[in-house]
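**Student:** this one's structure only:
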């Protein structure tokens, strides 16, 4: 049996934790399994490296940032190999060059193109635990590229697919996927399993247990994931194609506070306005999240959208620069908003989910600023200060703790 | 004109110093020169990484140690490229995989086999400053290997040779090569130039301005080196083949306090004893420095040798283990010794140098414990506490400050 095990930075934050991870991997290895370990950078190493870059430049080139921060995973992989060898386990660390992780796409946001698994297979055949640097790959210029935050999850899934692994375990600092964040909602319950689609919506909505692209890739290549804690032995949550008839109505409630809302006020109400507006962001590389357009009046209309906190300033700058072309009246930025979502494949066949959610918020006096829905998700924008309270209200309304 | 510039860790210890180095390199670049920069790890980064390894293992495998510590130079190279780009200079950092640095030999002590300069030339043609990770290379297994301490000097010289560079500048925290360590001997004078052989002897004797293997390689490929400070604009010292008739009698006085002396007492005075003794160290990987054998009496003899501080414990352990085979009476370890040397190609044709040195030491009451000489060097072992005083005495005796 071939097992991929991915550990994040918090699981490696101290030498004692590194040694604990080494021992845990050694158990499966000693049972006879082939083990490939994918690691993120240790603790806050990536942030430390980024802060170093900012000390010498306001706008570090992305190629060099990738060259810089990809060292974090190499340090983690080498230290893990050293820790395993101290446990008497044969292990070898491989970086992106050695593990054949080939990418395409832009620096800081690359995607896997293919994986040349020859070296990994050779080392596995040699009965070694193979430790692979997560989060990175080599592009066609032979340059290091990173996959974006959380990219180590994607590395684990890509390796599971390429090596036809029997299991892909994502170790994190929580026990699994919960019906809501247990820190916010004490009655939250751990889900034994969840579908890819639900996980995708939860991940993109702020329940940051698994990286979204990792789930997409897992779905595409039919890789079953297990999300579990590196700190204990509890059963985790299995992410897979759920086909049973007894699917839950709602799987979970997610809250994302790291977003801002921008409203472009007084746009001319004519065809092509939205296209012109959002093509600016597409060209500028700014990701837009929810979009809401009011119906126009007096020949004018407003368009609101949400985006990640850290992109707000760049978005405003792009809008200011394009003011002559867009001819809007003014811009409004609200940094104090949060996105609250309920997710569940069951709601597809069950009307009234939205109504129940809105009723719960109304009963608690929470004002809804924007609404957005998909087949398996209902998202509302609320005041950030009311967000956690709103999570508990909605969690109770759907009786998720039972 | 193509210039190689190598900067050590102390020249990169703070963001301000990194920016200063970036500006300095930019000057040559803006004059129209092609510039290749070779960097060591920033400040104490290598030691920090080694300490991390020791926190998870008493005996980290050498392959993984190389994988670990080679990240230090990659961080330095990427941060330098970022700092240069903030100065408006086009720059690209290349690690050992990208710069085509191919090595052979053991982990932690690899040697350059060849350099595939294609990528470097391509980037130079593209008018970029090319920043190359020092201290490392890739072996035939595609694994990272390091060159041993000071290996970045060797990288600079190897690149100078492979690229047929017009100059190879080694920037350090001293102004150049002095007749003695200025911190010990205030009257020490900077040498405008020095021969490879003299530099070799000085480097191996504790004047740690340049790494020995770098000088050997520079001699072999006839690469002129300039040793100068990254902190000021002073002219440095040129290291090259000195052919003039007016070569100095003595170039410098060096002191090495990081050595210990071991004496093996009461060995049987018969053929093969020295062979058996030193083959133990050869097999154990312990480097022996000076060797002195007393003439025997009563069928017994003593053999003394010096070695690096950090190797003494292992050497003693090896000797203890081989006691039955070597049949010596006892071992003596003296940690309080220092090696004092005078070096100069001029002494080859000039008798009386040794006598003048011994006289100077006698006048100051410094006891000589061992003597070893080569064609261009005289070395004596003295009490460590008298070492610095002895340097000043010998420096004065040869009138090196004039």
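**Tutor:** Thanks, I have it. Keep in mind it's a predicted model, so treat the numbers as computed, not measured.

**Student:** And the helix ranked longest in chain A, how far out from the chain middle?
**Tutor:** Using DSSP state H to define each element, chain A has its longest helix at helix A:62-86. When C-alpha coordinates are averaged (C-alpha atoms, centre = their mean, to the nearest Å), helix A:62-86 and its chain have centres 21 Å apart.

**Student:** Quick check: next helix or strand after that helix?
**Tutor:** For helix A:62-86, the following helix or strand on the C-terminal side (DSSP states H and E) is strand A:91-94.

**Student:** Okay, now the sheet partners of that following strand, with direction.
**Tutor:** Sheet partners assigned to strand A:91-94 using DSSP bridges are listed as strand A:129-133 (parallel).

**Student:** which element follows the strand it pairs with toward the C-terminus?
**Tutor:** Counting by DSSP H and E, what follows strand A:129-133 is strand A:136-138.

**Student:** Show me what that next one is packed up against.
**Tutor:** helix A:62-86, helix A:96-99, strand A:101-104, strand A:144-146 (3 or more C-beta pairs under 8 Å, 6 or more residues apart in numbering or on different chains; DSSP states H and E). All C-beta atoms are positioned from the backbone trio N, CA, C, and that covers glycine.

**Student:** Nearest approach to residue B:73 belongs to which of these?
**Tutor:** Checking the helices and strands packed on strand A:136-138 against residue B:73 by C-beta to C-beta gives helix A:62-86 as the closest, at 9.5 Å.

**Student:** Give me the distance between the residue sitting furthest away from the middle of chain A and residue B:79.
**Tutor:** Relative to the mean C-alpha coordinate of chain A, counting by C-alpha atoms, centre = their mean, the farthest residue is residue A:298 (41.7 Å). Residue A:298 sits 55 Å away from residue B:79, taking C-beta to C-beta, to the nearest Å as the criterion.

**Student:** if we can go back for a sec, just the helices and strands packed on strand A:136-138: most buried one?
**Tutor:** strand A:144-146 (a mean of 30; mean count of other C-beta atoms under 10 Å in any protein chain shown).

**Student:** Could you please name the strands that strand pairs with and the direction of each pair?
**Tutor:** With DSSP bridges as the test, strand A:144-146 is paired with strand A:136-138 (antiparallel).

**Student:** tell me the mean pLDDT for the partner strand?
**Tutor:** Averaging pLDDT along strand A:136-138 yields 97.

**Student:** can you list contacts of that strand?
**Tutor:** A:66, A:70, A:73, A:95-97, A:101-103, A:110, A:112-113, A:144-147, A:151, A:155 (C-beta atoms under 8 Å, 6 or more residues apart in numbering or on different chains).

**Student:** re the thing from before, would you format the helices and strands packed on strand A:136-138 as TSV with mean pLDDT included?
**Tutor:** Output for the helices and strands packed on strand A:136-138, formatted as TSV (pLDDT from 0 to 100):
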stretch	mean pLDDT
helix A:62-86	98
helix A:96-99	98
strand A:101-104	96
strand A:144-146	97
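
**Student:** Just put the ones you listed in TSV and tack on distance to residue A:285.
**Tutor:** TSV is the format used below for the helices and strands packed on strand A:136-138 (distance: least, C-beta to C-beta, whole Å):
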stretch	distance to residue A:285
helix A:62-86	10
helix A:96-99	23
strand A:101-104	16
strand A:144-146	15
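
**Student:** which one of the ones you listed lies closest to residue B:392?
**Tutor:** Of the helices and strands packed on strand A:136-138, nearest to residue B:392 by C-beta to C-beta is helix A:62-86, at 44.7 Å.

**Student:** what's the angle between the closest one and strand A:129-133?
**Tutor:** Here the directions of helix A:62-86 and strand A:129-133 differ by 160 degrees (axes from the mean of the first three to the mean of the last three C-alpha atoms, to 10 degrees).

**Student:** check whether helix A:62-86 contacts chain B.
**Tutor:** Yes: looking at helix A:62-86 against chain B by C-beta under 8 Å from any C-beta of the partner chain, the contacts come from A:63-65, A:67-68, A:71, A:74-75, A:77-79, A:81-83, A:85-86.

**Student:** From those, pick the one nearest residue A:343.
**Tutor:** Of these, the one sitting nearest to residue A:343 (C-beta to C-beta) turns out to be residue A:65, at 33.1 Å.

**Student:** Could I get the contacting residues of the closest one?
**Tutor:** Counted by C-beta under 8 Å, 6+ apart, residue A:65 has contacts A:50, A:53, A:107-108, A:146, B:78, B:82.

**Student:** from the residues you listed, which two are the most distant?
**Tutor:** Once C-beta to C-beta is applied, these give A:146 and B:82 as the farthest pair, at 14.8 Å.

**Student:** Point out where chain A drops to low pLDDT.
**Tutor:** Within chain A, the stretches with pLDDT under 70 are A:203-208, A:243-248, A:296, A:349.

**Student:** Output the longest strand belonging to it.
**Tutor:** Longest strand in chain A, counting residues (DSSP state E): strand A:252-268.

**Student:** Can you list the buried residues in that one?
**Tutor:** A:252-256, A:259-264, A:267 (16 or more other C-beta atoms under 10 Å in any protein chain shown).

**Student:** For residue A:105, give its distance to chain B.
**Tutor:** 19 Å (C-beta to the nearest C-beta, to the nearest Å).

**Student:** For the spatially closest residue to that residue that is not a sequence neighbour, give me its contacts.
**Tutor:** Nearest non-adjacent residue to residue A:105, counting by C-beta to C-beta, 6 or more residues apart in numbering or on different chains: residue A:111, 4.7 Å away. Neighbouring residues of residue A:111 by C-beta under 8 Å, 6+ apart: A:103-105, A:147, A:213.

**Student:** I'd like the contacts of residue A:65 as CSV, with distance to residue A:286 appended.
**Tutor:** Listed next are the contacts of residue A:65 as CSV, based on distance: C-beta to C-beta, whole Å:
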residue, distance to residue A:286
A:50, 19
A:53, 21
A:107, 16
A:108, 14
A:146, 19
B:78, 25
B:82, 22
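
**Student:** How many residues are close by the residue in the stretch 151-300 of chain A positioned nearest to chain B?
**Tutor:** Residue nearest to chain B within the stretch 151-300 of chain A: residue A:230 (15.8 Å; C-beta to the nearest C-beta). Residues near residue A:230, counting by other C-beta atoms under 10 Å in any protein chain shown, number 21.

**Student:** cool, and the one 10 residues further on?
**Tutor:** Per other C-beta under 10 Å, the neighbour tally for residue A:240 reads 17.

**Student:** That one and residue A:197 touch, don't they?
**Tutor:** No: using C-beta atoms under 8 Å, residue A:240 is not in contact with residue A:197; the gap is 11.2 Å.

**Student:** Check whether residue A:180 sits in a helix, strand or coil.
**Tutor:** The local conformation at residue A:180, judged by DSSP: H, G, I helix; E, B strand; the rest coil, is coil.

**Student:** Quick one: residues contacting it.
**Tutor:** By C-beta under 8 Å, 6+ apart, residue A:180 lies in contact with A:188, A:252-255, A:391-392, A:395, A:400.

**Student:** ok, how many other residues are close to residue A:368?
**Tutor:** For residue A:368, the neighbour count with other C-beta under 10 Å is 15.

**Student:** Name the SS class of the residue nearest to it when sequence neighbours are not counted, please.
**Tutor:** In space, and not counting its chain neighbours, residue A:368 is closest to residue A:380: 4.7 Å by C-beta to C-beta, 6+ apart. The three-state label given to residue A:380 by three-state DSSP is strand.

**Student:** who's residue A:380 bridged to?
**Tutor:** residue A:340, residue A:371.

**Student:** For it, which residues are in contact?
**Tutor:** Contacts for residue A:380 (C-beta under 8 Å, 6+ apart) come out as A:339-341, A:357-358, A:361, A:368-372.

**Student:** Sort out which one of those lies nearest residue B:33 for me.
**Tutor:** Among the contacts of residue A:380, and counting by C-beta to C-beta, the member closest to residue B:33 is residue A:339, at 54.1 Å.

**Student:** List the contacts of that closest one.
**Tutor:** Residue A:339 sits in contact with A:205-206, A:255-256, A:259, A:289-290, A:306, A:379-382, where contact means C-beta under 8 Å, 6+ apart.
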